[in-house]
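Engineer: Sharing a sequence plus its predicted fold:
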Amino acid sequence: MQLVVVGVAVGLLVLAAVIFFFVRSDGGSSPSKKSVSANVKLTLGGIQNANAGAPATLGADAANQIMAAVGQYVDKGLIAPVKTGKPPTDVSGLFDAGTQTAIQGPDKDVLFENGQPKLTGDFKPAAEPVVITALSDGNGQFVLATAAFTYRADEGVDGGTLNTSRTIALTFTPDNGWKITGYDVTLTRQGAQVEGSTTGTAKK
Amino acid sequence: MTARPRTVLLTLVGPPLCGVLLACMVAAAWVGLGLPLANGETWFTVQKVPPVAGASFTSGQPDGVQFFLVVGNDSRDPNGVGLGDAIHVIGVNPQAKAASIIDIPRDTDVGGGKVNSVLAQGGLGQFTQTISRFVGVPIKFSMTTNFAGFTDMMDEFGGLDINVQQPMHDENSGADFDPGPQKLNGPGALAFSRDRHSFAAGDITRTQNQGYLMITALQNVQQRAVGAGGVLNMLSNVGRHVQMENVGFQDLYRLGRLVLTIDPANIKNVVIPTGGGSGTNLTPGAGIDSLFADFRDDGVLQSH
């Protein structure tokens, strides 16, 4: 009898472990905790569900899609231009139709790096974990989500080190996947090659 | 032989002309590069990247004038809709970054009795049509909340910092405020919105106070700088406590982001003129057509 009880208990434990492993590894119910950038540790810090109706939780697929877009934004828009010395390419697909004019206008140099000043030394990017706030409507459908994080980079340039910091909030909407429909970005630069600094200034 | 005069001419004019051109180029470079005149000053500054910059954008924001209706109703049932006792038509002009609030006292007779009963009898859709016809503007969407909804919404908002304009001590509404800065919680904000006995003009002043409270709420949101995620949290708060007609959350988000860019000083808050006293069945007063015409053309009151 004792053997039967122990056997059943062990069996249940094994079953629970299998279910746990299955759920975790396939991303069926939990968003991925892995970095979404190939160049910097960029992970999901948490999800806040803002429910206008009954309680709802942003699905793992949606969270992973949003994080993947954040990773592409960082890799293509902030890191690749510094490494290549050229403006970003292939970033417009991350944004919805209504933002296309704005991201190619004056906001371009705030949203993205443009390859200037030229990298002549080390490049050290870093990012804080991304916090997603997701809004569900009265029917429990998620209609908007923001991904907020801070990104910093130290770049070796002529005259020293350029420190760049961006406070970024990207607002997503479901649009054949999740597309960026709005943004709030604050950019701060210090150090070499910054307008108004003494670096890069020669005197007679 | 025929070339001699040209050669002489070039010999005479050429050097001065070259000199002038050279001087012009030097001057242009001087101006263009911002070179200083005094000795020992910085003579060349490399313009690289700006130290601070910002970008904020929301796709799909309306660029035309928007009219919408906000109604407080008197239902004590958390899920009910009662008499429309706080009636406000809001016009927003995105180009002018300005807005106006037209406050309509609940006892106004818009033809067929007091306007507030239309909400209880016909629902928010019919009420919106009635107000739209009365003011003469196309109301895009409307929303209403009741006592419990308003109280909970204000509490979840974190209360409201408001400057009370005059003494408000009224047992009926529960208002008990001295003039000056106050922090109102949900019940306090409801009492502030309901108090009419503290004023000589009764419901007229109360109605104006409701518009003032909305402007103050906008000011509070702006001062708290909640960010994009905070706006979504506020929208969920609204969604839980407000009944909405003809508007989804994406549109509300876009309009909300637009309204957050408006300076509260650019929002006018005007009660419609009424012909009767402060009692029941107030007839529209003299000058109402002029007021509505001023409001109708661009959502902003210029001459009122």
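Structural biologist: Thanks, I have the structure now. Computed from a predicted structure; not experimentally measured.
Engineer: residue boundaries of the strands in chain A?
Structural biologist: Counting by DSSP state E, chain A has strands at residues A:44-51, A:123-127, A:130-136, A:142-157, A:160-174, A:178-191, A:201-203.
Engineer: Could you say which of those strands is packed most deeply?
Structural biologist: strand A:130-136 (a mean of 25; mean count of other CB atoms under 10 Å in any protein chain shown). Where you see a C-beta, it was placed from the backbone N, CA and C, and this is true even at glycine.
Engineer: That one - contacts with which helices or strands?
Structural biologist: Other helices and strands packing on strand A:130-136, by 3 or more CB pairs under 8 Å, 6 or more residues apart in numbering or on different chains; DSSP states H and E, are strand A:44-51, helix A:60-72, strand A:142-157, helix B:227-241.
Engineer: And the contacts of it?
Structural biologist: With contact meaning CB atoms under 8 Å, 6 or more residues apart in numbering or on different chains, strand A:130-136 is reached by A:42-53, A:56, A:58, A:62-63, A:66-67, A:70, A:142-149, B:228-230, B:232-233, B:235-236, B:249, B:253.
Engineer: before we move on, the earlier item: indicate which one of the strands of chain A is closest to residue B:58.
Structural biologist: Ranking the strands of chain A by proximity to residue B:58 (CB to CB) places strand A:178-191 first, at 3.9 Å.
Engineer: for the chain, which spans come out with low pLDDT?
Structural biologist: I went with chain A, as the question did not name one. Within chain A, the stretches falling below the threshold (pLDDT under 70) are A:1-28, A:197-204.
Engineer: please go with chain B instead
Structural biologist: Residue ranges of chain B with pLDDT under 70: B:1-47, B:277-279.
Engineer: so which residue of it comes closest to chain A?
Structural biologist: Of all residues in chain B, residue B:239 sits closest to chain A, at 2.5 Å by CB to the nearest CB.
Engineer: Please report the distance of the closest residue to residue A:100 other than its chain neighbours from residue B:61.
Structural biologist: Nearest residue to residue A:100, sequence neighbours excluded (CB to CB, 6 or more residues apart in numbering or on different chains): residue A:92, at 6.2 Å. If you measure residue A:92 against residue B:61 using CB to CB, to the nearest Å, the figure is 20 Å.
Engineer: swap in residue B:126?
Structural biologist: 29 Å.
Engineer: Of the two, which one has the most company?
Structural biologist: The residue with more neighbours, out of residue B:126 and residue B:61, is residue B:61; 17 against 12, by other CB atoms under 10 Å in any protein chain shown.
Engineer: Please settle this for me: is that one part of a helix?
Structural biologist: No: with DSSP: H, G, I helix; E, B strand; the rest coil as the criterion, residue B:61 is assigned coil and is not in a helix.
Engineer: pretty sure it contacts residue B:256?
Structural biologist: No: between residue B:61 and residue B:256 there is no contact under CB atoms under 8 Å: 9.8 Å.
Engineer: OK, contacts around residue A:115?
Structural biologist: Contacts for residue A:115 (CB under 8 Å, 6+ apart) come out as A:81-82, A:84-87.
Engineer: neighbour-wise, which of those residues leads?
Structural biologist: residue A:82 (23 neighbours).
Engineer: Show me how far the longest strand along chain B is from its chain's centre.
Structural biologist: If you go by DSSP E, chain B has its longest strand at strand B:84-93. Its chain's C-alpha centre and that of strand B:84-93 lie 12 Å apart, by CA atoms, centre = their mean, to the nearest Å.
Engineer: Tell me the buried residues in it?
Structural biologist: Under the neighbour-count criterion of 16 or more other CB atoms under 10 Å in any protein chain shown, strand B:84-93 has B:84-93 buried.
Engineer: what's the answer for stretch B:275-291, then?
Structural biologist: Within stretch B:275-291, the residues scored as buried using 16+ other CB under 10 Å are B:278, B:282, B:284, B:288, B:291.
Engineer: Also stretch B:258-271?
Structural biologist: Neighbour-count burial for stretch B:258-271 flags B:258-259, B:262, B:267-271 (criterion: 16+ other CB under 10 Å).
Engineer: where does that stretch sit relative to the chain's centre, distance-wise?
Structural biologist: Relative to its chain's centre, stretch B:258-271 lies at 3 Å (CA atoms, centre = their mean).
Engineer: can you tell me the distance between the two ends of it?
Structural biologist: Distance across stretch B:258-271, first residue to last, is 24 Å (CA to CA, to the nearest Å).
Engineer: ditto for stretch A:132-152
Structural biologist: For stretch A:132-152, the separation between the terminal residues is 19 Å (CA to CA).
Engineer: ok, residue A:166 to residue A:47 distance?
Structural biologist: Distance of residue A:166 to residue A:47, computed by CB to CB: 22 Å.
Engineer: How about residue A:123?
Structural biologist: Taking CB to CB, one finds residue A:123 at 31 Å from residue A:47.
Engineer: ok, now residue B:231?
Structural biologist: Here residue B:231 is placed at a distance of 17 Å from residue A:47 (CB to CB).
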